[in-house]
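Undergrad: Need a 3D model of the following:
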Amino acid sequence: MKLLDRYVLRSFLEPFLMCFVGFIMIWLIIDLSDNGTDFLEAKAPLKLIAGYYLTQLPQTILVSLPIGLLLALLFSLSRMSRTNEIISMLTAGRSVVRVLLPLIGVGVLASGAALWLNWEHAPRSEGIKRIALKQIAKGKKAGSMEVVQGHLFRDRQNNRTWFVRYLRPGSPRLDGVHITQQDAEGRITKKWYAVRALYDPRLKTWTLEKGMIVEFTPEGDIADTDYFPENSRVIKDWSETPWRVASSELNPQGLTVPELRDYLEFNGDFPPVQLAPYRANLADRFALPISCLVVVFIAAPLGIVFNRRGVVGGVAGALFIFFGMIMARGFFMALGKGLRIDPFLAPWIPNIFLAVLGVILLWFRSTNRDLPSFSFRRK
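TA: As a prediction, this is how the structure comes out:
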């Protein structure tokens, strides 16, 4: 890395770290002001509160990265522009793109870090937030999933319907199980009743404990009944897993990339409208991290200015575009979840539009052209 590259990076990293850490601290203060009273009333120990905020840190980092990049780029590049350092680099033979190359590299690294966070860690933070707050209020350790009661699951591939009285997502145990098997014409052929069902992920078998099995004739009459009040029955040929049975109760925003892929694979027979939120969130797991790189292409050309009026206009324009990107992301995600547009495309539309806009602005700067003005004053 050459001397000028190191200087550009050093000029950027200091304000970036200040902005990044500052936004995390602001989030911490706001969250404490919202939930601090509940923590005090529950007499939650400091260790428990710290554990909650550690679980929420990945999501906070993911949100803070783009805004930290934006403000740090605007500050560092506008400061170098005011002191004529950018002009000196250009007159020394470097192009605008070459000057910005280290910052584009930072954008790529930030996108990679955001993708790593958004793969599993940040969705888990989002998924356990509400539950963790309830558990802290009760004086329990944060992080586990809450019990789902009276859950109904329909396996359309195997024509089986599961009713579970109690289940805990992520647990191999289901309590109060009632399973109905139907044939292709919808006639009930068999029913299983059990106090509990245990799944063995290694053998991929279900063990039904303390229950009975009832078989039916095509006419709907009982053909045979097998009671096992003290024993158990092992089922080896079922494709359902506890996660799949519980999946219809899971919020797509709290699912990781592997979980979203599994949901779409195992529940592909669900109606498209029901699958749309999961497809949109899966696409968003990849689209959201790329916004860090998009921010670089937007902020960099607007941060490089050659007069004081340009500094104010560039900063204002970049902030306007960034917050417009946040609003557009929410708008298009809503359209994708409602199947108004393709769910896989919805999260990418704001990124694609702003990336094209950023490349155009960078081309204006690289060719020494004035950026487009939206002023309606007569010259």
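Undergrad: Roughly how far does E259 sit from R10?
TA: 41 Å (Cβ to Cβ, to the nearest Å). (Glycine included, C-beta is placed from N, CA and C.)
Undergrad: what does I321 give?
TA: Relative to R10, I321 is positioned 26 Å away (criterion: Cβ to Cβ).
Undergrad: the more surrounded of those two?
TA: With neighbours defined as other Cβ atoms under 10 Å, I321 and R10 compare such that I321 has more, 20 against 11.
Undergrad: ok, the more buried one - contacts?
TA: Residues in contact with I321, defined by Cβ atoms under 8 Å, 6 or more residues apart in numbering, are I298, L354, L357.
Undergrad: So the residue most central in space within the chain: helix, strand or coil?
TA: Centroid-nearest residue in the chain, with Cα atoms, centre = their mean: P123, separated by 4.6 Å. Look at P123: counting by DSSP: H, G, I helix; E, B strand; the rest coil, its state is helix.
Undergrad: State the distance from it to G303.
TA: In this structure, P123 and G303 are 32 Å apart, going by Cβ to Cβ.
Undergrad: cool, K337 as well?
TA: Taking Cβ to Cβ as the criterion, K337 is separated from G303 by 35 Å.
Undergrad: Just want to know which of these two has more residues nearby.
TA: Applying other Cβ under 10 Å to K337 and G303 shows that G303 carries more neighbours, namely 27 against 19.
Undergrad: Leaving out chain neighbours, which residue sits closest to the more buried one?
TA: Counting by Cβ to Cβ, 6 or more residues apart in numbering, the nearest residue to G303 once its immediate chain neighbours are dropped is L77, at 3.2 Å.
Undergrad: So, low pLDDT: which residues of this protein?
TA: When the per-residue scores of the chain are filtered using pLDDT under 70, the ranges that remain are 1, 130-131, 134-146, 248-249, 306-315, 317, 370-379.
Undergrad: at 50 what do you get?
TA: Screening the chain residue by residue with the criterion pLDDT under 50, one finds the ranges 143, 374-379.
Undergrad: Strands of that one, residue ranges please.
TA: 148-155, 160-167, 173-182, 188-200, 205-216, 222-235 (DSSP state E).
Undergrad: ok, back up a step: measure the residue nearest to G303 to C19 for me?
TA: Relative to C19, L77 is positioned 14 Å away (Cβ to Cβ).
Undergrad: Compare those two and say which is more crowded by neighbours.
TA: Legend: neighbour count by other Cβ under 10 Å for L77 and C19, higher for L77 (27 against 20).
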